[in-house]
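**Q** How does the following fold in three dimensions:
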Amino acid sequence: MKSIITKLFGSLLVILFVVSCSKETDERVIAQTSTGEMETLSGIKYEFIEHGTGEIPPHGGFWTLNITYLDSLEDVIFSSDQQGGTMPMPYDTAIFKKNASLEECLSLVGEGDSVIFFIEADSLYMNSYRQPAPPRYAGSKIEVRLGIDKIFTKEEFDEYNLAKLNELIESEADTIKAYIETNGINASKTEEGLYYEIVEEGTGDMPQEGQMVKVNYTGYVLDGTVFDSSIEEKAKEANLFNPARTYEPYAFPLGAGQVIKGWDIGIALLKEGGKAKLVIPSALAYGNRARSNIIKANSILVFDVELVEIVKE
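**A** Numbers count the residues shown, from 1 in each chain. Okay, here's the model as predicted:
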């Protein structure tokens with residue numbers, strides 16, 4: 001009898017384990033066929049506003065999404081709409097933890113889906129952003145409105161980005177040409193869409209990709225408002241002087257993507273000691289992401305630059 005009970009108990013444990021694993025495995029399937037309010041195993045309540053195809057990107061692919069965070073008073077904490085629109089993101093199932101995080105929400109959705117999630121602020125901030133929730137949100141729930149726009153293979157995403165880039169550059173061409181003409185800039189245009197004028201030729205070598213370069217700069221938007229300068233005198237003229245800052249040429253490895261693309265393109269055109277004016281379409285600057293009250297979304301930027309030094313090892 002004891003042997004039979006032991007076997008039955010063991011079988012029951014196996015069944016419970018299988019059911020538990022099955023529940024976790026099937027959670028996305030359940031979400032994709034859900035109607036009305038649902039709840040994940042970790043306690044996130046959610047409701048699909050619209051079911052799309054539910055398809056997900058292939059391994060190494062991407063998707064674009066719209067997302068808004070609201071606090072308990074329905075005030076917006078963050079919105080992709082306010083930050084320039086649909087956000088691209090690599091698709092990585094390795095981040096899909098069942099821990100009441102944004103990543104858990106992402107594990108349930110696919111192309112065309114529109115969902116509202118309610119997540120405990122403490123777990124959202126700790127598990128998704130590795131920091132405690134701000135005091136004003138601690139102990140409350142955050143409403144996350146998530147919509148998946150499109151899915152892409154890596155190749156499709158590259159084509160999508162290139163098309164968006166060219167479309168944006170073309171849409172700003174007339175504005176840039178008018179600025180150049182009004183300000184008497186004798187500009188040339190690179191194949192990427194950067195406009196530049198060599199002000200002083202320089203006498204040194206031209207930098208190669210990967211080399212460390214040191215650049216003095218003053219940056220401004222089309223109305224002439226200066227937003228930054230590495231030159232103390234220029235910063236003072238623009239009422240941007242910060243006594244805690246060291247004013248010196250900015251150093252970075254050319255072509256490594258550590259600066260805006262317009263800089264990687266433009267600085268490569270200079271000889272050491274050379275100076276130029278760069279007129280940078282927003283797609284080669286910060287795109288549809290606002291950086292400050294001066295650098296708004298889709299801002300065309302102008303830089304006066306000097307290649308002070310190519311650091312040779």
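**Q** And the strands in the stretch 201-313 of the chain?
**A** 212-221, 226-229, 250-253, 275-280, 301-311 (DSSP state E, counting those that start in this stretch).
**Q** To residue 294, which of those strands lies closest?
**A** strand 226-229 (4.4 Å; Cβ to Cβ). (Glycine included, C-beta is placed from N, CA and C.)
**Q** what does that closest one contact?
**A** For strand 226-229, contacts defined as Cβ atoms under 8 Å, 6 or more residues apart in numbering pick out 217-221, 234-235, 237-238, 240, 247, 292, 294-295.
**Q** Repeat that for stretch 61-68.
**A** Outside stretch 61-68, the residues that reach it (Cβ under 8 Å, 6+ apart) are 56-57, 76, 78-81, 85-91, 111, 144-154, 156-157.
**Q** Surely residue 171 is within a helix?
**A** Yes. Assessed by DSSP: H, G, I helix; E, B strand; the rest coil, residue 171 belongs to a helix.
**Q** separation between residue 241 and residue 301?
**A** 21 Å (Cβ to Cβ, to the nearest Å).
**Q** For residue 250, give its distance to residue 230.
**A** 5 Å.
**Q** Find the residues that touch each one of the two.
**A** In contact with both residue 250 and residue 230: 215, 216, 217, using Cβ under 8 Å, 6+ apart.
**Q** sorry, back to before: give me the buried entries from the contacts of strand 226-229.
**A** Buried members of the contacts of strand 226-229, scored by 16 or more other Cβ atoms under 10 Å, are 217, 218, 219, 220, 234, 235, 238, 294, 295.
**Q** okay, these in TSV with distance to residue 27 and pLDDT next?
**A** Formatted as TSV, those follow (distance: Cβ to Cβ, whole Å; pLDDT from 0 to 100):
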residue	distance to residue 27	pLDDT
217	51	98
218	54	98
219	48	98
220	51	96
234	57	97
235	54	97
238	54	96
294	45	94
295	42	94
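**Q** before we move on, back to that, want to throw the shared contacts of residue 250 and residue 230 into TSV with distance to residue 286?
**A** Below are the shared contacts of residue 250 and residue 230 laid out as TSV (distance: Cβ to Cβ, whole Å):
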residue	distance to residue 286
215	18
216	21
217	15
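**Q** quick check, nearest of those residues to residue 182?
**A** Using Cβ to Cβ, the shared contacts of residue 250 and residue 230 come closest to residue 182 at residue 217, 22.1 Å.
**Q** Wait, the closest one touches residue 308, no?
**A** No. Taking Cβ atoms under 8 Å as the definition, residue 217 is not a contact partner of residue 308, at 9.9 Å.
**Q** Go through the strands of the stretch 201-313 of the chain and name the closest to residue 178.
**A** That would be strand 275-280 among the strands of the stretch 201-313 of the chain, by Cβ to Cβ, at 11.1 Å.
**Q** For the closest one, name the packing helices and strands.
**A** helix 154-182, strand 195-200, helix 261-267, strand 301-311 (3 or more Cβ pairs under 8 Å, 6 or more residues apart in numbering; DSSP states H and E).
**Q** For residue 287, find the nearest of these.
**A** When the helices and strands packed on strand 275-280 are compared (using Cβ to Cβ), the closest one is helix 154-182, at 7.5 Å.
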